[in-house]
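*Asks:* build me a model:
(one chain, ligands or ions: 3)
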Amino acid sequence: MKYHLTSFGCQMNDHDSERMRGVLEGLGYEASADRDGADLIMFNTCTIRGSADDRFMGNLGDARRIKRERPDAVVAVGGCWAQSQKDAIFTDYPFVDIAFGPGEVARLGELIARERIEAVGAFSLDGAFSGQLPAKRERSFQAWVQISVGCNCVCSYCIVPRVRGRERSRPLAEIVGEVEALAADGVVEVTLLGQNVNSYGRDLPAAERATFAEVLRAVGAVDGIRRVRYTSPHPKDMRGDVIAAMAETPEVCAHVHLPAQSGSTRVLKAMRRTYSRERYLELVQRIRDGIPDVSLTTDLIVGFPGETDADFADTLSLVDEVRYDGAYTFLYSPRPGTEAGESMDDDVPAEVKRERIQELIADVQDHARERARRFVGSTRDVLVEGPSRTDPQRLRGRLEQNIAVNFTGDATPGATVPVEITDATSTTLAGRMAAHVTA
Ligand code: SAH
Ligand code: SF4
Ligand code: F3S
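*Replies:* Ligands and ions are numbered 1, 2, ... in the order given. Below you'll find the model as predicted:
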């Protein structure tokens, strides 16, 4: 039996997908190179913006065609879009055999076994952590580790709490146990995952209560782990203890992805982000004071309902004040069932949104290029990831600041090597392997 899995969405979904592969291969399924050669056609879906839905619809149409040609093929749809459609998925898409939400990855094996009887759906939001399942990792030396699922925030634009449920934390002992097992299996870099990692632990029973700062220290202390990353923190919950843990744990990388969403306090309020522009900037200052040479990246939304030219100018000036090392920029997309999607007019014209995002991207890139130049001339530790995507003669890796480097030299993936940085663009650095690190 063969399966084909297409994964959409964020790192949480990528992580769930590697667990799905692990479960399927444990059941004896083999990966198929294409959908037409697969007995089981699976999707792990995202619904964060309308564009995510659109992309998936094209793929789902392909599954419908295959099901017409080969009625024996099984079509399974998991993830956030499936969760958002749970009431209507089997009536609207009758060729779908199995549907399950992100909280039900752990039940995949059971669902597949039952499918022959009737179409099955599973949508509870408090199932087991997918982090407990076997995984098929993309790279042997890097791994994602789920520390919490769900989100208790009420950001007015965001559908995630609806499709991933309330926040639940995994006990620290379980996280450390998983990291120890990964390290024994050759993993040197872990990325801790949660929708709001630094509200970690508040829901744990008193005897197991722990903070995100404690998670960082405990994971950094695991033998064999050289790099610890995490995503994403919410600015409202980023406290001094996390900054101190980052500064005092050499394994924790000097990079913070700190989603700002907007530079306008008025818009931040309508977004229910619960911090002001000023508080965000103070936090940036504390992070920069506490963690030497830290890189900062962010997420920004343009065209939120009611965003004026002046609000947008505030976002541009936030970018100019912070000088990010990189940013993901998004066009606001109204989502069904969210506060903004239901009760605020999507009133910024599409054309204005497009102009704003272009201006924002150009501004972000200018700063990223400028910031990246600070590495030129120094020699840094680089974790080798494999051959360069554009030039197989060269290698590709990352600085602890999460900036990609293409370089000449001879090293195996998973090794950490010194690289002299010779050139910089807004997204990548170039260099050559050196004898030792200087910075
Ligand atoms: N939990 C993470 C982010 C999850 S979604 C966090 O809070 O950092 C990733 C990004 O998608 C968000 O940070 C936001 O910038 C963007 N996003 C979410 N909903 C959106 C929407 N309705 N329209 C446009 N962008 C959105
Ligand atoms: Fe969405 Fe806000 Fe939660 Fe992030 S913190 S997942 S943006 S509700
Ligand atoms: Fe991630 Fe998309 Fe779900 S961004 S949490 S896969 S809606």
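*Asks:* what residues does the stretch 1-150 of the chain have near ligand 1?
*Replies:* Proximity of the stretch 1-150 of the chain to ligand 1 (C-beta under 6 Å from any ligand atom) is limited to residues 48, 49. In this view, the C-beta of every residue, glycine as well, is placed from N, C-alpha and C.
*Asks:* what does the stretch 1-150 of the chain put close to ligand 3?
*Replies:* So the stretch 1-150 of the chain meets ligand 3 at 9, 10, 12, 13, 46, 47, 48, 79, 80 (C-beta under 6 Å from any ligand atom).
*Asks:* rerun that using 5 Å as the cut-off
*Replies:* 9, 10, 13, 46, 47, 48, 80 (C-beta under 5 Å from any ligand atom).
*Asks:* export the residues you listed as CSV, with columns for pLDDT.
*Replies:* Formatted as CSV, these follow (pLDDT from 0 to 100):
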residue, pLDDT
9, 97
10, 96
13, 96
46, 98
47, 98
48, 98
80, 97
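*Asks:* filter these down to just the ones in strands.
*Replies:* Judged by DSSP state E, those include no members of strands.
*Asks:* most neighbours among these, which one is it?
*Replies:* For these, counting by other C-beta atoms under 10 Å, the largest number of neighbours falls to residue 80: 26 neighbours.
*Asks:* how about the nearest residue to it, chain neighbours excluded?
*Replies:* residue 163 (4.2 Å; C-beta to C-beta, 6 or more residues apart in numbering).
*Asks:* repeat for residue 200
*Replies:* residue 212 (4.2 Å).
*Asks:* kindly report the same for residue 79.
*Replies:* Closest residue to residue 79 apart from its sequence neighbours, by C-beta to C-beta, 6+ apart: residue 45 at 3.9 Å.
*Asks:* is it true that that neighbour touches residue 80?
*Replies:* Yes: with contact defined as C-beta atoms under 8 Å, residue 45 reaches residue 80; the gap is 6.0 Å.
*Asks:* which neighbours do the two share?
*Replies:* 9, 13 (C-beta atoms under 8 Å, 6 or more residues apart in numbering).
*Asks:* where exactly do the helices run in the stretch 151-300 of the chain?
*Replies:* Along the stretch 151-300 of the chain, the segments classed as helices by DSSP state H, counting those that start in this stretch run 160-164, 172-184, 212-220, 240-248, 265-270, 277-290.
*Asks:* and the pLDDT for residue 336?
*Replies:* With respect to pLDDT, residue 336 has a value of 96.
*Asks:* remind me which residues of the stretch 251-400 of the chain are low pLDDT?
*Replies:* Counting by pLDDT under 70, not a single residue of the stretch 251-400 of the chain qualifies.
*Asks:* what does it put close to ligand 1?
*Replies:* So the stretch 251-400 of the chain meets ligand 1 at 259, 299, 301, 330, 332, 333, 335 (C-beta under 5 Å from any ligand atom).
*Asks:* what sits opposite the third one in the beta ladder?
*Replies:* For residue 301, the beta-bridge partners under DSSP bridges are residue 330.
*Asks:* which residues does it contact?
*Replies:* 157, 261, 262, 271, 329, 330, 331, 332.
*Asks:* quick check: phi and psi at the last one.
*Replies:* Spelled out, it's residue 332. Dihedral pair for residue 332: phi -60, psi 140, per degrees, to the nearest 10.
*Asks:* repeat that for the fourth one.
*Replies:* Backbone geometry at residue 271, expressed as degrees, to the nearest 10, gives phi -80, psi -10.
*Asks:* what about it, how many neighbours?
*Replies:* 22.
*Asks:* quick check: it touching residue 307?
*Replies:* No: using C-beta under 8 Å, residue 271 is not in contact with residue 307; the gap is 10.1 Å.
*Asks:* and stretch 157-173, how far out from the chain's middle?
*Replies:* With C-alpha atoms, centre = their mean, to the nearest Å as the basis, stretch 157-173 stands 14 Å off its chain's centre.
*Asks:* now do the same end-to-end measure for that stretch.
*Replies:* The first residue of stretch 157-173 is 34 Å away from its last residue (C-alpha to C-alpha, to the nearest Å).
*Asks:* before we move on, back to that, name the residues contacting each of residue 271 and residue 307.
*Replies:* Shared contacts of residue 271 and residue 307 (C-beta under 8 Å, 6+ apart): residue 262.
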